[in-house]
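Chemist: When you get a sec, could you give me coordinates for this:
(one chain, ligands or ions: 1)
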Amino acid sequence: MTNQDSVNLSGVYEKSEKIKISLEGKKLEKVKNQASENSEQFWSEQAENILWFKKWDKILDSNPPFYKWFVGGTLNASFNCLDRHINTDLKNKAAVIWESETYESRVLTYYQLYTSVNKFANGLKNLGVKKGDCVTIYLPMVPELMIAMLACARIGAIHIVVFSGFSAQALSDRINDSNSKVVITADGGLRRGKLIELKKVVDQVIPLCPSIKHVIVLKRASNNIKINSKDVWWHDVIETQPYCEPEAMESISPLYILYTSGTTGKPKGVVHSSGGYLTYLYATAKWVFNFTNKDIFFCTADIGWVTGHSYIVYAPLMHGVTQIMYEGTPDYPQPDRYWNIVEKHGATILYTTPTALRMYIKFGDRIPNNFDLSSLRLLGTVGEPINPEVWMWYFKVIGKENCPIVDTWWQTETGGIMISGCTGIDAVPMKPGSGSFSLPGINAVVVDESGNPVDRDKKGYLVITRPWPGMLTTLWNDKEKYQTTYWKKFDNNIYFTGDYALYDIDGYIWLLGRADDVLKISGHRLGTMELESAFVSHRAIAEAAVTSRPDEKKGDSIIAFLVKRTEFNTLSDQQLRIEITSHIRDSVGPIATPGEIYFVNKLPKTRSGKIMRRLLKSISSGSSTIGDLSTLEDGTSIEEVRQAYSELHEAIK
Ligand code: PRX
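Modeler: Here you go, the predicted model:
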């Protein structure tokens, strides 16, 4: 399939009922024109869809790149997600249908969620948590994770969710960088039938995290844990009054920090605001998913990542939809979990990743064909480019050619979807593998190295030329890095996404992967420098260079070239590989498990000492040409890498 092929959707879009919104009946072009004619006015109309305690005095305070949206306005995120529904027909509607790895379900209505959040918010207050304090949340995918986030939002505390698959180092870095006062965890979580001892990890980091005053522990797995002086059980914390007054938060005050990998060794604390972020989520969910009262939304992301923050917690709850939250992995205990859940709960929208779809394709069509998937009306993907073949499989085998697919491009930093088909606004032919168009109010441009727009069908850097309400407001504790990472490559009012893209001749956008040293492993972001410092933290490793290779299942697979410390030269390579793999799994997390490890005596570097990862990438992806070697300091290094790679590669084959 080429990028000129498209799937005509006449008849397919019509099945998705248009929702009653301010944009009803308007076509995408018209909405876009409206947005570009008066962008600030356009966004202020969108902001009217959420509830404010006090309206803003100024729509946008522009001091590039420090943009402030809806200045002077006050609101509360938990009020927007919960209180707005409890005096309506939605009060007893299911907000969350939770499904455990072991097929157990638990339903929380809007009212039950509201009560739980209020009680927990009071519990946090009783522990001394105040407006502006940071709270780290290290929980598995259970409803209490959502309750904890909303309780923080209710009292104006800033939540920092740490993916429960991350290990001690990642957790302590995040607690210390944010100076969190409280950490919320569970005795254990379950993953693929195995116990994940979360409390044990927290116990390891507490001595290294002096800011932590209390550790709140949820009983989830009922495994034995050690109780320390700072520990308090979740069920004891919630023995409090059932109502907690929501704090009136400034629109520009931080709602949360979410750490994500960049090109340096240290993860970046992306800060999202309250008013702008919620406005953007409300609008994008409406445009892209066309949420209605009848929807049962199934987003398969983990709340530890931005997709879960935006499109499991905040957007669906603000819209009052019912959503499914799944604890486990797609293929455990059977390789049919998503299809089983869609059938069991009648999901109408499935929002998942190309990685999960690629995995399911391997198991064959017979498995999904055994389930009744007819409740689905819309399919979505996120996190990485989707190959046209995988797209077609999703369209035919899962959607039975009845469901549009929205391929949504966005980032932790953008807060919400920026590029996608918009089923709530318009029906345009879809092109399998293309993200379609930028959303109303978003000006996505593809430029060359000098920042000039490139011609159609030419690859370049994807930039965003106008501020938007969902944008990150800064990097926590690092304003300078915020400027240099995102706003310095071209101009200080042009946002650099770090991605390559192109516009085809019909004006569709194609996302072409990262232009920087960020890897996408199963849709998760990992920085090469971050990984390299984890490798060199192993006692036997002196230097490390990390690259990736396309992988059929994971999108990218990690390839590491390592230089041993001389005193460890006698250790067998195979033994060391096992040791290092386990070290990386422990220090970064199982998602960072290296695909291949090669040992060399020196790494290819420039004369100024920078590792030439591009050369490593050419070799490990089997490219016949290796590119410009003029800046290489020592030509023998590349030969050595080549040899190490081919010897081991042959052995593996
Ligand atoms: O490279 C793009 C890729 O994921 C990056 C953002 O990663 P993260 O902050 O972890 O957020 C992922 C979930 C929003 C982007 O810079 N990416 C995301 N969505 C797509 C994508 N690449 C291609 N197509 C997409 N739909």
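
Chemist: Output the set of residues of the stretch 401-550 of the chain in proximity to the ligand.
Modeler: By Cβ under 6 Å from any ligand atom, the residues of the stretch 401-550 of the chain that approach the ligand are 407-412, 435, 497-499, 511, 514, 520, 525. Glycine gets a C-beta too; all of them are placed from N, C-alpha and C.

Chemist: got it, and the chain?
Modeler: The chain comes close to the ligand at residues 260, 306-307, 382-385, 407-412, 435, 497-499, 511, 514, 520, 525, as judged by Cβ under 6 Å from any ligand atom.

Chemist: and if we set it to 8 Å?
Modeler: Neighbours of the ligand within the chain, by Cβ under 8 Å from any ligand atom: 260-261, 301, 305-307, 354, 381-386, 407-414, 417, 419-420, 435, 497-499, 511, 513-514, 518, 520, 523-525.

Chemist: So which of these are in strands?
Modeler: Within the residues of the chain next to the ligand, residues falling in strands by DSSP state E are 260, 381-382, 407-408, 419-420, 497-499, 511, 513-514, 518, 520, 524-525.

Chemist: Show me just the buried residues among those residues.
Modeler: Buried residues within these, counting neighbours by 16 or more other Cβ atoms under 10 Å: 260, 381-382, 407-408, 419-420, 497-499, 511, 514, 518, 520, 524-525.

Chemist: Strands of the stretch 401-550 of the chain, residue ranges please.
Modeler: Taking DSSP state E, counting those that start in this stretch, the strands of the stretch 401-550 of the chain run over residues 405-408, 419-420, 437-438, 444-447, 460-464, 474-475, 495-503, 509-514, 518-521, 524-527, 541-551.

Chemist: With mean pLDDT added, can I get those strands in a markdown table?
Modeler: Output for these, formatted as a markdown table (pLDDT from 0 to 100):
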| stretch | mean pLDDT |
| --- | --- |
| strand 405-408 | 96 |
| strand 419-420 | 96 |
| strand 437-438 | 94 |
| strand 444-447 | 96 |
| strand 460-464 | 96 |
| strand 474-475 | 98 |
| strand 495-503 | 96 |
| strand 509-514 | 91 |
| strand 518-521 | 89 |
| strand 524-527 | 88 |
| strand 541-551 | 89 |
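
Chemist: In terms of residue numbering, what are the domains of the protein?
Modeler: Residue ranges for the domains of the chain, per automatic domain parsing: 11-441+455-501, 517-652.

Chemist: want to try a markdown table for these, with distance to Asp448 as columns?
Modeler: Output for the domains of the chain, formatted as a markdown table (distance: least, Cβ to Cβ, whole Å):
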| stretch | distance to Asp448 |
| --- | --- |
| domain 11-441+455-501 | 5 |
| domain 517-652 | 18 |
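
Chemist: just those: most buried one?
Modeler: Mean neighbour count, computed with mean count of other Cβ atoms under 10 Å, is highest for domain 11-441+455-501 among the domains of the chain, reaching a mean of 20.

Chemist: Quick one: distance of that domain to the chain centre.
Modeler: The chain centroid and the centroid of domain 11-441+455-501 are separated by 8 Å, computed with Cα atoms, centre = their mean, to the nearest Å.

Chemist: Dump stretch 500-518 to PDB, restricted to CA.
Modeler: The C-alpha trace of stretch 500-518 is given here as PDB (Å, rounded to 0.1, in the frame of the first residue of the first chain):
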ATOM      1  CA  TYR A 500      10.300  13.800  11.400                       C
ATOM      2  CA  ALA A 501       7.200  14.100   9.200                       C
ATOM      3  CA  LEU A 502       6.000  14.900   5.700                       C
ATOM      4  CA  TYR A 503       2.900  16.300   4.000                       C
ATOM      5  CA  ASP A 504       1.800  14.200   1.000                       C
ATOM      6  CA  ILE A 505       0.400  15.700  -2.100                       C
ATOM      7  CA  ASP A 506      -3.100  15.600  -0.700                       C
ATOM      8  CA  GLY A 507      -2.100  17.400   2.400                       C
ATOM      9  CA  TYR A 508      -2.100  14.400   4.700                       C
ATOM     10  CA  ILE A 509       0.500  14.300   7.400                       C
ATOM     11  CA  TRP A 510       2.800  11.200   7.800                       C
ATOM     12  CA  LEU A 511       4.800  10.800  11.000                       C
ATOM     13  CA  LEU A 512       8.200   9.400  10.300                       C
ATOM     14  CA  GLY A 513       9.700   8.700  13.800                       C
ATOM     15  CA  ARG A 514      12.100  10.600  16.100                       C
ATOM     16  CA  ALA A 515      14.700  12.900  14.700                       C
ATOM     17  CA  ASP A 516      16.600  12.800  18.000                       C
ATOM     18  CA  ASP A 517      18.100  10.300  20.400                       C
ATOM     19  CA  VAL A 518      14.900   9.100  21.800                       C
END
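
Chemist: one step back: weakest of the domains of the chain in terms of mean pLDDT?
Modeler: Mean pLDDT across the domains of the chain is lowest at domain 517-652; the value there is a mean of 84.

Chemist: now that domain, how far from the chain's geometric center?
Modeler: With Cα atoms, centre = their mean as the basis, domain 517-652 stands 25 Å off its chain's centre.

Chemist: does the most far-flung residue of the chain relative to its centre sit in a helix, a strand or a coil?
Modeler: Distance from the centre of the chain peaks at Thr570, with 41.8 Å (Cα atoms, centre = their mean). On the three-state scheme (DSSP: H, G, I helix; E, B strand; the rest coil), Thr570 is labelled coil.

Chemist: do you know how far it is from the ligand?
Modeler: Separation of Thr570 from the ligand (Cβ to the nearest ligand atom, to the nearest Å): 41 Å.

Chemist: Thanks again, I'm all set now.
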